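Novice: what's the 3D shape of this:
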Amino acid sequence: MDVKELQTFHNQNCGITEIILKEHFPPHLEYLLIEKNAIKQKKIQKARNGELEFTQQARYRCEQINTSKFNDNLVHYVEQRFQYLLKHNLSIETGFVKLEDYNKDISPKFLEETFDFIEATDKIKNHVFFSLDNTSGKLKEILNRKELHNNWQDFKQKDFYNMPFIKKIGEMNPSSVSELLQMGDDQFSLSNENEEEYWRNFFYFCCFDQYLFKDNNWETVNFDFVSTIVPPLVIPLRLRYDTVEEKNGIVSIRKVAECEMSEQLLQEIKERYNELHRAVVKYDFTAYKIIFRSTLEMDMETKIIKNARVVLKEEISDNIENECIFTLKKLENFTP
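Specialist: Here you go, the predicted model:
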């Protein structure tokens with residue numbers, strides 16, 4: 001901080017005998033008043049400009065397998081492999097994530113063009129610098145939102161209309177192209193507040209949580225899950241956190257979701273099932289079930305996740321089953 005900044009804040013908050021009149025400390029001055037948040041903001045600005053090193057960094061390989069079954073017959077299979085770069089400095093509550101690599105294996109094959117488009121937009125979204133909430137551990141504010149906005153605008157001009165997925169839906173339903181554009185404009189707008197949306201990505205769900213700033217005194221939290229079987233219905237869940245083991249500086253953590261089902265919501269699920277799936281499945285609604293749990297290992301000193309696994313299984317028993325298994329592993333050899 002420059003002299004003027006230090007002098008102004010001190011003089012506004014000290015007693016009259018401690019005022020600094022020139023650019024030198026008076027001999028009797030025993031302490032200097034400094035605005036803590038101002039220093040923090042200076043450090044954040046330096047991090048944003050690449051002038052401040054993050055205290056921790058890691059590279060991860062992740063795999064996500066999604067399967068869909070109707071009447072116990074596999075109808076969709078998607079295997080995605082990701083490589084992420086993660087950096088954070090918890091002392092100033094900042095983090096950075098970059099999606100570096102992405103591969104996929106999809107059945108049926110015609111869905112590949114859809115995932116090509118998803119990959120392009122995800123690489124824009126997941127090159128993000130942010131501040132962290134020191135209570136929840138989640139993203140608090142995206143700090144490079146202008147960069148994300150500019151990257152989306154550049155993608156729109158150069159690549160959007162050339163993608164096979166966009167060309168195909170443009171031939172069948174031109175209005176859908178406009179809707180996708182509007183969705184992208186909204187997501188990457190300078191005024192959007194979509195920080196919570198990142199936590200629905202399993203990478204952020206594992207790496208950024210209340211255990212970054214708390215030690216064992218974790219609170220049960222609410223989590224609104226958007227159903228994959230009966231969208232856009234929201235299933236209210238409660239996430240419970242438990243310490244499984246602490247050994248050699250590594251803590252094993254388990255997160256388990258419990259569903260809070262009401263009679264009204266169950267009736268809405270039945271009606272939505274009949275609307276979307278009854279004609280294809282050929283059987284009546286049975287019972288709605290959801291399993292959502294996560295286990296992970298974290299280095300207690302660095303607060304870096306070493307490995308993690310998330311299992312999400314949603315089903316209408318014996319009729320439809322959607323399952324997602326996500327695994328995360330920290331690479332041992334990190335190269336910047």
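
Novice: contacting residues around the closest residue to E268 other than its chain neighbours?
Specialist: Excluding the flanking residues, the one nearest E268 by C-beta to C-beta, 6 or more residues apart in numbering is L233, at 5.9 Å. All C-beta spots, glycine's among them, are computed from the backbone N, C-alpha and C. Going by C-beta atoms under 8 Å, 6 or more residues apart in numbering, L233 touches V226, S227, L265, E268, I269, R272.

Novice: test my guess that the fifth one contacts V234.
Specialist: By that I understand I269. No - the pair I269 and V234 fails to qualify as a contact (C-beta atoms under 8 Å) at a distance of 10.9 Å.

Novice: I'd like to know which of the contacts of L233 is nearest to F326.
Specialist: V226 (16.5 Å; C-beta to C-beta).

Novice: so what's that closest one bridging to?
Specialist: V234 (DSSP bridges).

Novice: what lies in contact with stretch 155-167?
Specialist: Residues contacting stretch 155-167 (C-beta under 8 Å, 6+ apart): E113, T114, D116, F117, A120, T121, I124, G170, V177, L180, L181, G184.

Novice: among those residues, which ones are buried?
Specialist: E113, F117, T121, I124, V177, L180, G184 (16 or more other C-beta atoms under 10 Å).

Novice: which of those residues sits closest to F70?
Specialist: Nearest to F70 out of the buried ones among the contacts of stretch 155-167 is E113 (C-beta to C-beta; 22.9 Å).

Novice: excluding chain neighbours, what is closest to that closest one?
Specialist: F165 (4.1 Å).

Novice: show me what the helix or strand T327 falls within pairs with in its sheet, parallel or antiparallel.
Specialist: For T327, the host element (DSSP states H and E) is strand 320-330. Strand 320-330 sits in its sheet next to strand 56-70 (antiparallel), strand 305-316 (antiparallel), going by DSSP bridges.

Novice: highest mean neighbour count out of the ones you listed?
Specialist: Mean neighbour count, computed with mean count of other C-beta atoms under 10 Å, is highest for strand 305-316 among the strands paired with strand 320-330, reaching a mean of 19.
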